[in-house]
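Q: A structural model of the following input is requested.
(one chain, ligands or ions: 2)
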Amino acid sequence: MRIPIVLKVNGKEHSIEVKPNEILLNVLRDKLHLIGVKYGCGIGECGACTVILNGRAILSCQTLAVSAAGREITTIEGLVPEGNKELHPLQEAFIEEGAVQCGFCTPGMILSAKALVDKNPDPSNSAIKEAIRGNLCRCTGYINIIKAIKTGAEKIRERSKR
Ligand code: FES
Ligand code: FES
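A: Ligands and ions are numbered 1, 2, ... in the order given. Okay, here's the model as predicted:
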C-alpha cells in the first residue's frame with residue numbers, strides 16, 4: 001500500500017507516494033536525494049538524522065514520512081536560499097572554530113543549533129548543551145562545537161543589525 005503525500009522541504013513541495021511505515025530519513029535521502037541528512041544509528045541515539053520540522057529539531061529516523069506531510073521541513077541543504085553562495089553563519093562558525101572533522105554529525109548538529117538560535121538568539125552554554133544533547137560527535141569533542149554555536153549566534157545577531 002502507498003499513500004500520496006506532499007512533503008514541503010526547504011521551501012519546495014514534493015508530491016510523492018510513501019509506504020505507511022516509511023521513515024522520513026529514508027524518504028529525504030532516497031527519494032528526494034537530500035543526502036546531508038545522515039543515517040547514523042537508525043534508532044534515535046546519534047542525532048545524525050536531525051532535521052527541523054515546523055521549527056523543532058527532530059530525528060528523521062524516528063519520524064514517519066506520513067506524519068511530516070504538509071509540515072515545513074528544513075535540511076542542511078536548505079539553510080541558505082538556493083543560488084546564495086554564502087554559507088549560513090552557523091556553518092561559517094563551525095569552520096572557523098574547528099568544530100568539524102569528518103563532518104558526519106555536522107548537518108544534524110547545525111540544525112539542532114539553528115532550531116535553538118531561532119528561538120533563543122543569545123543562548124547560554126547550558127542552553128546549547130541541552131539543544132545538542134541528542135547529537136553525538138565521535139571526532140571533535142564538544143568544546144569547539146559549543147564555541148561554534150555561540151559564534152554563529154553572534155554572527156546572526158550582527159547580520160540582523162545590517
Ligand atoms: S540516525 Fe537518527 S538518531 Fe541516529
Ligand atoms: S565531526 Fe566527525 S562525528 Fe562529529
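
Q: tell me the strands in the protein, going along the chain?
A: Taking DSSP state E as the criterion, the chain carries its strands at 3-9, 12-18, 50-53, 56-59, 72-74.

Q: ok, the last one: who's next to it in the sheet?
A: For strand 72-74, the paired strands and their directions (DSSP bridges) read strand 3-9 (parallel), strand 50-53 (antiparallel).

Q: Residue 104: which of the strands of the chain is closest?
A: Residue 104 sits nearest to strand 50-53 of all the strands of the chain, at 12.1 Å, using Cβ to Cβ. Quick note: C-beta positions are derived from backbone N, CA and C, even for glycine.

Q: I would like the residues contacting that closest one, please.
A: The contact list for strand 50-53, computed with Cβ atoms under 8 Å, 6 or more residues apart in numbering, reads 24, 28, 37, 57-60, 63, 68, 71-75, 107-109, 111-112, 114-115, 134-135.

Q: Same question for stretch 18-25.
A: Stretch 18-25 has contacts (Cβ under 8 Å, 6+ apart) with 1-3, 5, 27, 31, 37, 39, 42, 49, 51, 60-68, 73.

Q: Could you turn the buried ones of those into a ChimeraX selection?
A: To isolate the buried ones among those in ChimeraX, judged by 16 or more other Cβ atoms under 10 Å, type:
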select :5,27,37,39,49,51,60,61,63,64,65,66,68,73
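
Q: give the contact list for the residue nearest the centre of the chain.
A: Centrality entry for the chain: nearest residue to the mean C-alpha point is residue 111, 2.8 Å, by Cα atoms, centre = their mean. Neighbouring residues of residue 111 by Cβ under 8 Å, 6+ apart: 50-52, 57, 74-76, 79.

Q: Excluding residues flanking it in the chain, which one is nearest residue 151?
A: residue 93 (3.9 Å; Cβ to Cβ, 6 or more residues apart in numbering).

Q: surely that neighbour meets residue 145?
A: No: Residue 93 is beyond contact range of residue 145, at 9.9 Å (criterion: Cβ atoms under 8 Å).

Q: overlap in contacts of the two?
A: Residues within reach of residue 93 and of residue 145 at once, by Cβ under 8 Å, 6+ apart, are residue 99.

Q: quick one on the thing from earlier: any chance of the strands of the chain in a markdown table, plus mean pLDDT and distance to residue 155?
A: A markdown table is the format used below for these (pLDDT from 0 to 100; distance: least, Cβ to Cβ, whole Å):
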| stretch | mean pLDDT | distance to residue 155 |
| --- | --- | --- |
| strand 3-9 | 98 | 25 |
| strand 12-18 | 98 | 26 |
| strand 50-53 | 98 | 19 |
| strand 56-59 | 98 | 20 |
| strand 72-74 | 98 | 18 |
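
Q: All set now, cheers.
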